[in-house]
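Q: Generate coordinates for the sequence data below:
(2 chains)
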Amino acid sequence: MIVIVTIWEIISKTNLFPTFMFPPLLIPNDPGGVTVLSTLVNGLISGQILGATGMTLGRLLLGFSIAVILGLIFGYLIARYKWVDDTLGFFVTALQSIPSIVWFPLAIVWFGLGNVAILFIVTIGATWTMTVNASTGFKNVPNLYLNAARTLGSSGTHLVRTVILPASVPHIISGLRVAWAFAWRAIMAGELLGGNGGLGYLLDMGRSLQSMDLVLSIMIVIGIIGTIMDNQVFLRMERSVARKWGVGT
Amino acid sequence: MKVKLEQVNKSFPKGKTDSLHVLHDIDLQIEAGEFVSLLGPSGCGKSTILNLIAGLDSPTSGEVYVNDKKVKGPGTDRVVVFQQGGLFPWMNVMDNVTYGLLLKKMSKKEAEKKAMEGLRMVHLGNFALAFPHELSGGMQQRVAIARALVMDPDVLLMDEPFAALDEQTRLILHQELQEIWQKTGKTILFITHNIREALTLSERVLLMSTRPGAIKKSFRVQAARPRNPSDSVIVDLETRVMKELEEEMEKVLKEEFGDDYRLKTSAVRDRDRDYMGDHI
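A: Next comes the predicted model:
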């Protein structure tokens, strides 16, 4: 980390590139000049970056939640009914291989350039991986648990709630993790192209103002959010399941 | 008559057109309060019989009755203890044991009280809050037995419940299961491939033949309880059952390794013909 920062600073100071293309991270090149750190701090204080982050996260969470719910429903149907697996299951594999940003032109035509279009590609970006993971989880619920529950009198939605869902939790968590990453990619691409506020829009603004310090600040923000989600949310979920189930560490 | 199977046949589809005939004309009757073992080599269809009674599978032809009622699906009057226990790893011991009770619309308090009684019966009163993976194999199986017992089933179905345990644990659990059976008077169908286990535990041992599975012979074990494996009645029965079982084993092995396979060497057929004793 320190090495990378140092190298960056040195390159920035050599005047190989103009300052706007290669802004320094910590120490300004000329007195009162810009640094990534100062832009980041100013942006956070003025609320510009903070507001954009909030906006992006709001959209992201909404799209992600819809995708997770859809994914669970589709996944269940695929696991439960053979004919759904043969039709939708096959289709999902194909859809999964299409990068979600490809949907954007279609989304703009359908919903106009705005929130809905962005939400649409976020949802569509995360739904398919969630579906695939959920259906794998549901399909791999050991028969032993199902039989045990059924002989104890469980059936229908009770069986789904108390056995099928909990038994597929490990698969569902890894699905959430991947779906979250896909949703991030989708929202960045969507906001870059679609405008209308958010971190992606700010990135585009940074590009047009030629202020790479802003662009780099946003990249740092994205990196921090990603790390926090992965370490604090998903990894914790995985660990707590592993501990409860007595698998792994 | 608690459990009655009439002319039950079962085949499983194998490939596109073929089918595997697993059970052939099974007639079986278990009386109330009886402890019956089904004994047979692996693959003879003994677990299939248990699944049919449990309602987890349906017969291709024939009828299965429990309490003079036709079995149509799983029900809480027939609870199964599986070989791997089948405890839910995401629930602690208490939640596992109360699972079926709460489904019976019992209040949580009442269910927990009953579960505690069940757990005490299998000597696990102190482990109510533990998770299944924190328990040894024997303890997990005890929880599974408690979970089945608290349901107060008419018939307790046990599918090789002790097969995965080590010998010492198994011996202890044999003792405990006998005690539980004597105390509760449950009808138990116990599935095993272990002759001694069948003889130590049950009143009646049904020996199964293989491919297709059928009930070959029935042995009544008239030894005093608690059973002692070195009891002369049991030792005598063991040799008799072993002899019958060997025939079945040979049949299975022949099918697997070809017709020239024999379990025992024969002096007539296997003598080295070139050996004339000329070294004398």
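
Q: Adjacent strands (with direction) for the helix or strand hosting B:Leu207?
A: Secondary-structure element containing B:Leu207, defined by DSSP states H and E: strand B:204-209. Looking at strand B:204-209 with DSSP bridges, its partner strands are strand B:35-39 (parallel), strand B:214-220 (antiparallel).

Q: Dump it to PDB, restricted to CA.
A: Taking C-alpha atoms only, strand B:204-209 is exported to PDB below (Å, rounded to 0.1, in the frame of the first residue of the first chain):
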ATOM      1  CA  ARG B 204     -38.200 -61.400  16.100                       C
ATOM      2  CA  VAL B 205     -35.600 -61.300  13.300                       C
ATOM      3  CA  LEU B 206     -36.700 -61.400   9.700                       C
ATOM      4  CA  LEU B 207     -34.000 -62.500   7.400                       C
ATOM      5  CA  MET B 208     -34.200 -61.100   3.900                       C
ATOM      6  CA  SER B 209     -33.000 -62.600   0.700                       C
END
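
Q: buried ones in that strand?
A: Neighbour-count burial for strand B:204-209, counted by 16 or more other CB atoms under 10 Å in any protein chain shown, picks out B:Arg204, B:Val205, B:Leu206, B:Leu207, B:Met208, B:Ser209. (Glycine included, C-beta is placed from N, CA and C.)

Q: wait, which of those residues is closest to A:Trp8?
A: B:Met208 (76.0 Å; CB to CB).

Q: what separates that closest one from A:Ala126, distance-wise?
A: Per CB to CB, to the nearest Å, B:Met208 is found 53 Å from A:Ala126.

Q: Name the residues of chain A found near chain B, please.
A: A:144-145, A:147-154, A:158, A:162-163, A:166-167, A:169, A:241, A:244-247 (CB under 8 Å from any CB of the partner chain).

Q: Now, those residues that are in helices?
A: Using DSSP state H, A:144-145, A:147-151, A:158, A:166-167, A:169, A:241, A:244-245 are the members of the residues of chain A next to chain B that sit in helices.

Q: Neighbour-wise, give me the winner out of those residues.
A: Counting neighbours by other CB atoms under 10 Å in any protein chain shown, the top entry in these is A:Ala148, with 28 neighbours.

Q: Show the residue spans covered by the helices in chain A.
A: A:2-13, A:36-46, A:48-80, A:82-84, A:90-96, A:104-111, A:115-139, A:143-151, A:156-159, A:165-167, A:169-194, A:199-208, A:212-228, A:235-245.

Q: Out of those, which one sits most buried?
A: Highest mean neighbour count of those: helix A:115-139, a mean of 24 (counted as mean count of other CB atoms under 10 Å in any protein chain shown).

Q: Distance from the chain centre to it, please.
A: 11 Å (CA atoms, centre = their mean, to the nearest Å).

Q: Remind me what it packs against, helices and strands.
A: Where contact means 3 or more CB pairs under 8 Å, 6 or more residues apart in numbering or on different chains; DSSP states H and E, helix A:115-139 is packed against helix A:48-80, helix A:90-96, helix A:104-111, helix A:169-194.

Q: so that helix versus helix A:104-111, what angle?
A: Interaxial angle of helix A:115-139 relative to helix A:104-111 (axes from the mean of the first three to the mean of the last three CA atoms, to 10 degrees): 110 degrees.

Q: Let me know the average pLDDT across helix A:115-139.
A: What helix A:115-139 shows for mean pLDDT is 90.

Q: Check stretch B:198-217 too.
A: On average, the pLDDT along stretch B:198-217 is 82.

Q: got the buried residues for it?
A: For stretch B:198-217, by 16+ other CB under 10 Å, it's B:198-216.

Q: Helix or strand next in line after the helix or strand harbouring B:Leu156, which one?
A: Here B:Leu156, judged by DSSP H and E, is contained in strand B:155-159. Later in the chain than strand B:155-159, the nearest helix or strand by DSSP H and E is helix B:167-184.

Q: What lies in contact with the next helix or strand after that following helix?
A: Sequence-wise, the next helix or strand downstream of helix B:167-184 (DSSP H and E) is strand B:187-192. With contacts defined as CB atoms under 8 Å, 6 or more residues apart in numbering or on different chains, strand B:187-192 is touched by B:2-3, B:30-39, B:46-47, B:49-50, B:53, B:154-163, B:181, B:198, B:201-202.

Q: Mind exporting the C-alpha coordinates of the very next helix or strand once past strand B:187-192 to PDB?
A: For strand B:187-192, the succeeding helix or strand toward the C-terminus, using DSSP H and E, is helix B:195-201. Extracted C-alpha coordinates of helix B:195-201, given in PDB (Å, rounded to 0.1, in the frame of the first residue of the first chain):
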ATOM      1  CA  ILE B 195     -26.600 -60.200  13.000                       C
ATOM      2  CA  ARG B 196     -25.700 -59.700  16.600                       C
ATOM      3  CA  GLU B 197     -27.400 -56.300  16.700                       C
ATOM      4  CA  ALA B 198     -30.600 -57.800  15.400                       C
ATOM      5  CA  LEU B 199     -30.400 -60.700  17.900                       C
ATOM      6  CA  THR B 200     -29.600 -58.700  20.900                       C
ATOM      7  CA  LEU B 201     -32.300 -56.200  20.400                       C
END
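
Q: Can you tell me which helices and strands helix B:195-201 packs against?
A: strand B:35-39, helix B:167-184, strand B:187-192, helix B:232-257.

Q: Repeat the analysis, applying 7 Å as the threshold.
A: strand B:35-39, helix B:167-184, helix B:232-257 (3 or more CB pairs under 7 Å, 6 or more residues apart in numbering or on different chains; DSSP states H and E).

Q: Tell me if B:Asn51 really is in a strand.
A: No: assigned with DSSP: H, G, I helix; E, B strand; the rest coil, B:Asn51 falls outside any strand and is helix.

Q: my read: it touches B:Asp57, true?
A: Yes: with contact defined as CB atoms under 7 Å, B:Asn51 counts as touching B:Asp57 (4.1 Å).

Q: Tell me which of these two has more neighbours.
A: B:Asn51 (20 against 17).

Q: for chain A, what are the low-confidence residue spans?
A: For chain A, the stretches with pLDDT under 70 are A:32, A:246-249.

Q: which one in it is furthest away from the centre?
A: Distance from the centre of chain A peaks at A:Thr151, with 40.7 Å (CA atoms, centre = their mean).

Q: OK, contacts around the residue lying closest to A:Glu238 once chain neighbours are set aside?
A: Leaving aside its chain neighbours, A:Glu238 sits nearest to A:Ile173 (5.5 Å; criterion: CB to CB, 6 or more residues apart in numbering or on different chains). When the contact criterion is CB atoms under 7 Å, 6 or more residues apart in numbering or on different chains, the partners of A:Ile173 are A:Phe234, A:Met237, A:Glu238, A:Val241.

Q: Identify, from those residues, the entry nearest to chain B.
A: A:Val241 (8.0 Å; CB to the nearest CB).

Q: Against A:Thr129, how distant is A:Leu106?
A: Applying CB to CB to A:Leu106 and A:Thr129 gives a distance of 20 Å.

Q: Check A:Trp184 too.
A: Applying CB to CB to A:Trp184 and A:Thr129 gives a distance of 12 Å.
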